[in-house]
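# Please find the sequence and the predicted model below.
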Amino acid sequence: MKIGIVCYPTFGGSGVVATELGLELSKRGHEIHFITYNQPVRLELISNNVHYHEVNVPEYPLFHYQPYELALSSKLVDMVKLHGIEILHVHYAIPHAYAAYMAKKMLQEENIYIPIVTTLHGTDITLVGSHPFYKPAVTFSINKSDAVTAVSQSLKDDTMRLFDIKKDISVVPNFIDLEKHNLHGFTDCQRGMMANDDEKIITHISNLRPVKRVQDVISVFYNIQKEMPAKLMFIGEGPEKEKVELTCQELGILDKVVFFGKSNEIDKILCFSDLFLLPSLTESFGLAALEAMASGVPVISSNTGGIPEVNIHGESGFLSPVGDVEDMTKNALYILEDEQRLKTFKDKARKQSLNFDLHAIVPMYEAIYKDTLAKCLVL
Ligand code: GMT
């Protein structure tokens, strides 16, 4: 199949999922066309099956906001015609599903039919999409998609609850390349450079937005390091970064915290981590937690959104009510204070991640493409 993929090219989970999906589909023989405003950060594979088309939005003084949707839908029309793309898969409803629908209507004028698959990722539904300013357009573009997927049952339920949806939504969870996180084949794990042997390594990865509740990460870590030697690895950049640094300074723990910034090498950091913290306010799935678990790192998280579908309480880690720093601390110490127990949690975390093997999940998307194309041929 010739598949067009539209996504955010950034470090966010939706862009990562879209990019990894496109790369895996290309390995399975499909021709993939990424159409976005920058080269996706994880798009590292060079292959004649993978193409990247940049959407340019020329500046003009009249525009207070540059019309990205317009440029995107024009680019989609051009690329579908030029490359014979058969299906468009858009990740994150805003504004991608809307732009794709406009492209579809333009192409119909030329008797070209292009079906659209929309994948809902989380904040496009929960925090942003359901805002009254966006809601009518988001509802419209979901209902006009030929197929809709959500990354967890929880996100599907939220979508049905918050919007007037007239379509069936398939749940296709986030996935993981277990080979990339294969601990036995990993030769580049430089734990000694990060911490002493007696120090436990705690890790957090996110875009440091308020929804991630990074102050809770600091509070839990502060409590842990009072009880045992420990280091905190912070991966990511975002609006809360300065506040985090300031809090660490005020608490006198700055020398125990390492800020890595944005990184494409999270497997190299996770390989030496003992515990992963994800205390988010809401999380449709929690791809970062899955990546940690695949590296054999147990997860202390909030019990919200789709996280309980990924992190199993008492098995791969623990779930606590949002903001319950005391409970998270108690659970973290329980895992960390006994070496044998820590090992058991690490093994179970890795085992739980096997349920999200990309070789099992990517065919679910392929089946949706085939089904959608077949239905469209009938019409
Ligand atoms: O977590 C973010 O803020 C980034 C966001 C995105 O769209 O890039 O992530 C969302 O999509 C991921 C991939 O499907 C999910 O694993 C994340 O849980 C989800 N984030 C939220 O729901 C807050």
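Noted; the coordinates are in hand. Residues are numbered from 1 along each chain as shown.
# which bits of the stretch 151-300 of the chain sit near the ligand?
Within the stretch 151-300 of the chain, the positions near the ligand by Cβ under 6 Å from any ligand atom are 151, 174, 207, 209, 211, 282, 283, 284, 285, 286, 287. In this view, the C-beta of every residue, glycine as well, is placed from N, C-alpha and C.
# Break down the stretch 101-250 of the chain into its helices, ranges please.
With DSSP state H, counting those that start in this stretch, the ranges of helices along the stretch 101-250 of the chain come out as 135-144, 153-162, 214-227, 241-251.
# neighbours around residue 366, how many?
Here the neighbour count serves as a burial measure; for residue 366 (other Cβ atoms under 10 Å) it reads 15.
# For it, list the residues it contacts.
Applying Cβ atoms under 8 Å, 6 or more residues apart in numbering, one finds that residue 366 lies in contact with 25, 28.
# Could you check how far it is from the ligand?
18 Å (Cβ to the nearest ligand atom, to the nearest Å).
# Give the helix, strand or coil label for that residue.
Following DSSP: H, G, I helix; E, B strand; the rest coil, we place residue 366 in the helix state.
# coming back round to it: need the helices of the stretch 101-250 of the chain in TSV with mean pLDDT and mean neighbour count, can you?
What follows is those, written out as TSV (pLDDT from 0 to 100; neighbours: other Cβ atoms under 10 Å):
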stretch	mean pLDDT	mean neighbour count
helix 135-144	94	18
helix 153-162	96	18
helix 214-227	98	21
helix 241-251	95	15
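# closest one to residue 328 among those?
With Cβ to Cβ as the measure, helix 214-227 is the member of the helices of the stretch 101-250 of the chain nearest residue 328 (4.8 Å).
# can you list contacts of that closest one?
Helix 214-227 is contacted from outside by 200, 202, 204, 206, 208, 230, 232, 234, 240, 243-244, 247-248, 251, 253, 256-257, 277, 279, 300, 323, 325, 328-329, 332-333, 336-337, using Cβ under 8 Å, 6+ apart.
# Also stretch 95-105?
Residues from elsewhere that reach stretch 95-105, judged by Cβ under 8 Å, 6+ apart: 6-7, 68-70, 72-74, 76-77, 80, 88, 90, 113-116, 118, 137-138, 140-142, 144-145.
# Selecting buried members of those residues in ChimeraX, what would you type?
When burial is assessed using 16 or more other Cβ atoms under 10 Å, the buried subset of those is captured in ChimeraX by this command:
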select :6,7,69,72,73,74,76,77,80,88,90,114,115,116,118,137,138,141,142,144,145
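# Please flag which of the contacts of stretch 95-105 sit within strands.
Among those, the subset assigned to strands under DSSP state E consists of 6, 88, 90, 116, 118.
# CA-only coordinates of stretch 100-114, as PDB, when you get a sec.
Output for stretch 100-114, consisting of C-alpha atoms alone and laid out as PDB, is shown next (Å, rounded to 0.1, in the frame of the first residue of the first chain):
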ATOM      1  CA  ALA A 100      -7.200  15.700   5.700                       C
ATOM      2  CA  TYR A 101     -10.900  16.000   5.200                       C
ATOM      3  CA  MET A 102     -10.500  19.200   3.300                       C
ATOM      4  CA  ALA A 103      -7.900  17.500   1.100                       C
ATOM      5  CA  LYS A 104     -10.300  14.600   0.600                       C
ATOM      6  CA  LYS A 105     -13.100  16.900  -0.600                       C
ATOM      7  CA  MET A 106     -10.700  18.800  -3.000                       C
ATOM      8  CA  LEU A 107      -9.500  15.500  -4.500                       C
ATOM      9  CA  GLN A 108     -13.100  14.300  -4.900                       C
ATOM     10  CA  GLU A 109     -13.600  17.200  -7.300                       C
ATOM     11  CA  GLU A 110     -11.100  15.500  -9.500                       C
ATOM     12  CA  ASN A 111     -12.600  12.100  -9.000                       C
ATOM     13  CA  ILE A 112      -9.800  10.900  -6.700                       C
ATOM     14  CA  TYR A 113     -11.000   9.100  -3.600                       C
ATOM     15  CA  ILE A 114      -8.700   9.000  -0.600                       C
END
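# How far does that stretch sit from its chain's centre?
Mean C-alpha position of stretch 100-114 versus that of the full chain (Cα atoms, centre = their mean, to the nearest Å) differs by 29 Å.
# just stretch 162-169 next, same as before
Mean-position distance between stretch 162-169 and its chain equals 22 Å (Cα atoms, centre = their mean).
# Beyond the helix or strand bottoming out on mean pLDDT in the chain, next helix or strand please.
Across the helices and strands of the chain, mean pLDDT, DSSP states H and E gives its lowest value to helix 266-270, namely a mean of 88. Reading on from helix 266-270 to the C-terminus, the next helix or strand found by DSSP states H and E is strand 275-278.
# Residue of the stretch 51-200 of the chain closest to the ligand, please.
For the stretch 51-200 of the chain, the residue positioned closest to the ligand under Cβ to the nearest ligand atom is residue 122, at a distance of 2.5 Å.
# was I right about that residue contacting residue 155?
Yes - taking Cβ atoms under 8 Å as the definition, residue 122 is a contact partner of residue 155 at 6.2 Å.
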